[in-house]
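Novice: Fold the following and give me the result.
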Amino acid sequence: MKDLLDARVDSPSQPKGRPATRRRAPVWLALVGALVLVRVIAIVLLLTSGVEDEHSILGGDARRYEVILDSEGTPYQDFEVEYPPVTLGLIHLLGGGNGVVEDEPVEGSLAHLTRLAVVQLGFELATAALLAWGWNRRTGIAYLILGTPFVAFPFPYVRVDLFTVFLAVLGLSLVRKGFDRIGGVGLAVATMAKLWPIVLAPLLLITDRRKSLAAWIGTVGVGVGLWLLLFGLSGLAQVATFRGSKGWQIESIPGVFFHMADQSASHVEQGAWRTGAPVPFLFKPLLPVLALATTAVAWWWARLRHLHRPDDDEWAVWALAPLASILGLLVFSTIISPQYVLWFVPFVAVLAVRGERLLTGLYLATAVLTTFTIATIHAQIEGELYATAPIILRNGCLVAMMAVTLYRLSPWHDRVGADEISAPL
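Specialist: Predicted coordinates for the structure are as follows:
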């Protein structure tokens, strides 16, 4: 990846000075144009493929959004919603709906799907632009390259996860550029759109961005306070438990094995295919604890590197620690939906530009396998080996990525001595 970007964007063989920049500009512009064109073609093909049909795989989430829009009463109180308020607001802004009620089949609105796809593509391109601004141009281009495998079965554009990725990268980019308060607010808004960006907040503490941290704490405090005031406690529980789901989702790490053992017991539960095996009572609190422990270890080691090797910040604090934390959330989760892979692509892009080949390779395998698994979801539901085995491989890649990122951060990697492990913070 780094070699490719060096050759196409910043080739050292070009002569220095302004004329060389002019000669190089069409090369990287052509590359970006091609990456955007591929996405536009994929979206056009998607929207003309019958995605609005009630049995369409790719239209499933959009149909759920329409159910939410057409439900009567107050969200979180009169009907359950698995999305935090900011994402719920986006769903309402995009509109749609067909006058249906909860749990009835819905034929997705093509106009709604079109708006959704166009807006999500806009968020993806905006995220690439933010990475180019906050890091460098190669990182922005790398982000687009790394997202290209999903175009083969373009599920990201009919989900809302690219919105949260954009908000998270917006907050981090602003902080990197010195806009501390607004950056903290941006990262807080991302946390109110989906819960996963909360694991990025320790970066503000480690890098001593006090204004950013104060803005983040204040914004999250106000947001959660308003959420509780307007909708009560039930909303937090609905989001945290995916509307009270009890089974393992069939793509989760243990869930795929339960599903392969007895696919007849798997069923749709709160909009996702879950196994007949419920999550054991003790596992419900244990899994979040393990995810938070992974986050704590990742940021602790990132803090050590920040103190003793500040030159490692770009590599450890801004990429490896966020990546390890997000992977911890996925590995220790009862559900791994395909779109969750989108959450950590920006951080892989940062590492890819710095020449991290192992993690980049593991990510690319994850992206290809994830795209294949959602494309073959009907066979997956039926328990076909060719559709379920790739899930095991994909999950193995996620575990391997988490292990590699933690090792890269650890005091035992890259000559960080044992004497630094116990260094005072």
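
Novice: mind checking how far residue 302 is from residue 200?
Specialist: Per C-beta to C-beta, to the nearest Å, residue 302 is found 12 Å from residue 200. All C-beta spots, glycine's among them, are computed from the backbone N, C-alpha and C.

Novice: Those two: which has the busier surroundings?
Specialist: Looking at residue 302 and residue 200 with other C-beta atoms under 10 Å, you find the greater number of neighbours at residue 302, namely 27 against 24.

Novice: Please name the nearest non-neighbouring residue to the more buried one.
Specialist: Of all residues not flanking residue 302 in the chain, residue 321 sits nearest, at 3.8 Å (C-beta to C-beta, 6 or more residues apart in numbering).

Novice: and the one you found, how many neighbours?
Specialist: 31.

Novice: so it makes contact with residue 409?
Specialist: Yes: contact status for residue 321 versus residue 409: in contact at 6.3 Å, counting by C-beta atoms under 8 Å.

Novice: who touches both of these two?
Specialist: Counting by C-beta atoms under 8 Å, 6 or more residues apart in numbering, the shared contacts of residue 321 and residue 409 are 298, 301, 302.

Novice: In terms of helices and strands, where is the first one?
Specialist: Translated: residue 298. helix 283-308 (DSSP states H and E).

Novice: list the buried ones in that helix?
Specialist: Of the residues in helix 283-308, those with enough neighbours to count as buried (16 or more other C-beta atoms under 10 Å) are 287, 290-292, 294-295, 297-306.

Novice: Nearest to residue 312, out of those residues: which one, please.
Specialist: Minimum distance to residue 312 across these is 4.4 Å, recorded for residue 305 (C-beta to C-beta).

Novice: quick one: that closest one from residue 292, how far?
Specialist: With distances defined as C-beta to C-beta, the gap from residue 305 to residue 292 amounts to 20 Å.

Novice: Repeat that for residue 55.
Specialist: Following C-beta to C-beta, the distance that separates residue 55 from residue 292 is 39 Å.

Novice: which helix is the longest one in this structure?
Specialist: With DSSP state H applied, the helix covering the greatest number of residues in the chain is identified as helix 18-47.

Novice: Residue 379 and residue 109, how far apart?
Specialist: Using C-beta to C-beta, one gets 28 Å for the distance from residue 379 to residue 109.

Novice: Give me the more crowded residue out of these two.
Specialist: Each of residue 379 and residue 109 has its neighbours counted (other C-beta under 10 Å); residue 109 has more, 21 against 14.

Novice: and the gap between that one and residue 49?
Specialist: 15 Å.

Novice: outside of stretch 198-211, which residues touch it?
Specialist: The set of residues that contact stretch 198-211 without belonging to it, under C-beta under 8 Å, 6+ apart, is 168, 171-172, 175, 180-181, 183-184, 187, 190-191, 212-213, 216, 295, 299, 302-303, 306, 313, 317-318, 321-322, 325-326, 328-329.

Novice: Tell me the buried residues in it?
Specialist: Across stretch 198-211, burial judged by 16+ other C-beta under 10 Å covers 198, 199, 200, 201, 202, 203, 204, 206, 207, 209.

Novice: Kindly report the same for stretch 34-43.
Specialist: Judged by neighbour count using 16+ other C-beta under 10 Å, the buried positions of stretch 34-43 are 35, 39, 42, 43.

Novice: Please apply the same query to stretch 271-287.
Specialist: Neighbour-count burial for stretch 271-287, counted by 16+ other C-beta under 10 Å, picks out 271, 272, 273, 274, 275, 276, 277, 278, 279, 287.

Novice: With adjacent residues omitted, what lies nearest to residue 368?
Specialist: residue 149 (5.1 Å).

Novice: The one you found is in contact with residue 366, isn't it?
Specialist: No: counting by C-beta under 8 Å, residue 149 sits too far from residue 366 to count as a contact (9.2 Å).

Novice: These two - which one has more neighbours?
Specialist: Looking at residue 149 and residue 366 with other C-beta under 10 Å, you find the greater number of neighbours at residue 366, namely 24 against 19.

Novice: Surely the more buried one and residue 398 touch.
Specialist: Yes: taking contact to mean C-beta under 8 Å, the distance of 6.3 Å between residue 366 and residue 398 places them in contact.

Novice: what helices or strands is the longest strand seen in the chain leaning on?
Specialist: Determined from DSSP state E, the single longest strand within the chain is strand 272-278. Here strand 272-278 is seen to pack against strand 247-249, helix 255-261, strand 267-269 when contacts are counted using 3 or more C-beta pairs under 8 Å, 6 or more residues apart in numbering; DSSP states H and E.
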